[in-house]
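Quick one: sequence and predicted model below, then my questions.
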Amino acid sequence: MNIRPLSDRVVVKPLEVQEVTKTGIVLPDSAKEKPLQGVVVAVGPGRILENGTRSPMDCKVGDRVIFPKFSGIEFKLDGVEYLILGGDREILGIVEGEIDSVEHRL
């Protein structure tokens, strides 16, 4: 990928949503929820504060992050879907360690 986000923007590759429920029901594409997690693939330099300094970014490339359902701007690059998020305003948290999945309600 060859993209450099500006200011405090973050490029995230959404993680795939489970296609089968715990009870074994296969979900069609129309019933799948939008992903709420992704992996950071690019980070901007941070926004410039009123005093002229840059605010450091809280996330880095490789972090697994959680974001709101309808946040960011979706785009495709080389056939892969990505989101551009507005930095700290749209990232709710960084997942540390391993988790099974984020539960999606149907």
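Arrived safely.

Tell me who's in contact with residue 66.
36-37, 91-95, 102 (C-beta atoms under 8 Å, 6 or more residues apart in numbering). Just so you know, the C-beta spots here come from the backbone N, C-alpha and C atoms, and that holds for glycine as well.

try residue 37
Counting by C-beta under 8 Å, 6+ apart, residue 37 makes contact with 14-15, 64-67, 95, 102.

sec struct for the residue nearest to residue 73 when sequence neighbours are not counted, please.
Leaving aside its sequence neighbours, residue 73 sits nearest to residue 84 (C-beta to C-beta, 6 or more residues apart in numbering; 4.9 Å). Three-state call for residue 84 (DSSP: H, G, I helix; E, B strand; the rest coil): strand.

For the chain, which segments count as strands?
10-14, 37-43, 64-66, 73-77, 80-85, 93-95 (DSSP state E).

In JSON lines, list those along with distance to residue 24 and mean pLDDT.
Formatted as JSON lines, those follow (distance: least, C-beta to C-beta, whole Å; pLDDT from 0 to 100):
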{"stretch": "strand 10-14", "distance to residue 24": "24", "mean pLDDT": "94"}
{"stretch": "strand 37-43", "distance to residue 24": "23", "mean pLDDT": "94"}
{"stretch": "strand 64-66", "distance to residue 24": "26", "mean pLDDT": "93"}
{"stretch": "strand 73-77", "distance to residue 24": "30", "mean pLDDT": "92"}
{"stretch": "strand 80-85", "distance to residue 24": "27", "mean pLDDT": "93"}
{"stretch": "strand 93-95", "distance to residue 24": "26", "mean pLDDT": "91"}
